[in-house]
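Student: can't give you the sequence, but here's the structure:
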């Protein structure tokens, strides 16, 4: 049991996601923002002034290693470029820091294995940053499924998309091998949420993709086979109107989460229907899943609890992503396990 009441955080990078994460750390009941670092001169100070201007006591560094060397930081949030996640997660672990790494944690299963081994060796907590999982609407979906409302889950469809804007075009600058494209951006969510309602390990993956000149995928669709006729259908794109939803079909009916990326003021909507003609819609209270994620991780570190999203979960998600990319490249089904 830790005597601290607040986990002291540092942010390793001045990425755009700080618009959401920085205020979440500030607002969390059991967290304290201590520092932010960036390799771009002045970027850390600018990000702090833009997203948390009242936090005058927060230190800013123009060097990532300087933040890791700061003894007053317990944990780091890591929102660097996708291909740098594994390297800097390992560096942070070596400095004895707990790590909340923005998805994807790594581009290979071997890197997730290395992170897991290092975390055990240094006795630190590491979690992949899928903030959406901490929104109460998903727990409510689970409750409805466990009530028997839609029977046994047989398929899940997840769909995520938005039209690429000039400010985000950097996401297509690198090939999929280097962490670029839709798969390593919104595809992580599509596969993660599609997996959420199956207990069985995936048996195989089949995928197709559209690529741009850099070798990044701009749109990908596919099927994860969980055996016994249970399938997850994922679909995501940088070339379609905004969509962030999943639908679950069981033996007696179906459920739909209409807005996975709920902002703090959004009203979550869950709808359902049953074979016997029943139907319903629930509107839940708004919640800030970024703040809830920070509070969950902080609680895990402060009180020695295991994170809701394990490194085994990160490994399973990475394995399916890599298999889907391989399937799309080869034009054939890829078996797992």
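Tutor: Nice, I can see it. No experiment lies behind these values; they were computed from the predicted model shown. Residues are numbered from 1 along each chain as shown.
Student: so which helix or strand takes in the nearest residue to residue 237 once chain neighbours are set aside?
Tutor: Spatial nearest neighbour of residue 237, excluding adjacent residues (C-beta to C-beta, 6 or more residues apart in numbering): residue 219 at 3.8 Å. C-beta: built from backbone N, CA, C; applies to glycine. Residue 219 is located in strand 217-225, with elements delineated by DSSP states H and E.
Student: can you name every helix or strand that that strand contacts?
Tutor: Here strand 217-225 touches helix 188-195, strand 204-211, strand 231-237, helix 311-330, going by 3 or more C-beta pairs under 8 Å, 6 or more residues apart in numbering; DSSP states H and E.
Student: out of those, nearest to residue 157?
Tutor: Shortest distance between residue 157 and these, using C-beta to C-beta, is found for strand 231-237: 4.5 Å.
Student: quick check: angle from the closest one to helix 188-195?
Tutor: If you take axes from the mean of the first three to the mean of the last three C-alpha atoms, to 10 degrees, strand 231-237 sits at 160 degrees to helix 188-195.
Student: next helix or strand past strand 231-237?
Tutor: Immediately after strand 231-237, counting by DSSP H and E, sits strand 243-250.
Student: now find how far off-centre that next one is within its chain.
Tutor: Centre-to-centre, strand 243-250 and its host chain are 17 Å apart (C-alpha atoms, centre = their mean, to the nearest Å).
Student: one more: stretch 296-315?
Tutor: Distance of stretch 296-315 from its chain centroid, counting by C-alpha atoms, centre = their mean, is 14 Å.
Student: what about it, start to end distance?
Tutor: Separation of the first and last residues of stretch 296-315 by C-alpha to C-alpha, to the nearest Å is 20 Å.
Student: now residue 8. Its backbone dihedrals?
Tutor: With angles defined as degrees, to the nearest 10, residue 8 sits at phi -90, psi 120.
Student: can you check residue 39 too?
Tutor: The phi/psi pair for residue 39 (degrees, to the nearest 10) reads phi -80, psi -10.
Student: for the nearest residue to it once chain neighbours are set aside, grab the count of nearby residues.
Tutor: Once flanking residues are discounted, residue 39 sits nearest to residue 64: 6.1 Å by C-beta to C-beta, 6+ apart. By the measure other C-beta atoms under 10 Å, the count of residues near residue 64 is 22.
Student: residue 64 and residue 88, how far apart?
Tutor: Computed as C-beta to C-beta, to the nearest Å, the residue 64 to residue 88 distance reads 7 Å.
Student: need the overlap of contacts for those two.
Tutor: residue 12 (C-beta atoms under 8 Å, 6 or more residues apart in numbering).
Student: and the most centrally placed residue in the chain, what is it in contact with?
Tutor: With distances taken as C-alpha atoms, centre = their mean, residue 130 lies nearest the centre of the chain, 2.4 Å away. Residues counted as contacts of residue 130 (C-beta under 8 Å, 6+ apart) are 103, 188-189, 192, 309.
Student: burial count for the nearest residue to residue 269 once chain neighbours are set aside?
Tutor: Spatial nearest neighbour of residue 269, chain neighbours left out: residue 258 (4.4 Å); criterion: C-beta to C-beta, 6+ apart. Other residues near residue 258 come to 18 when the count uses other C-beta under 10 Å.
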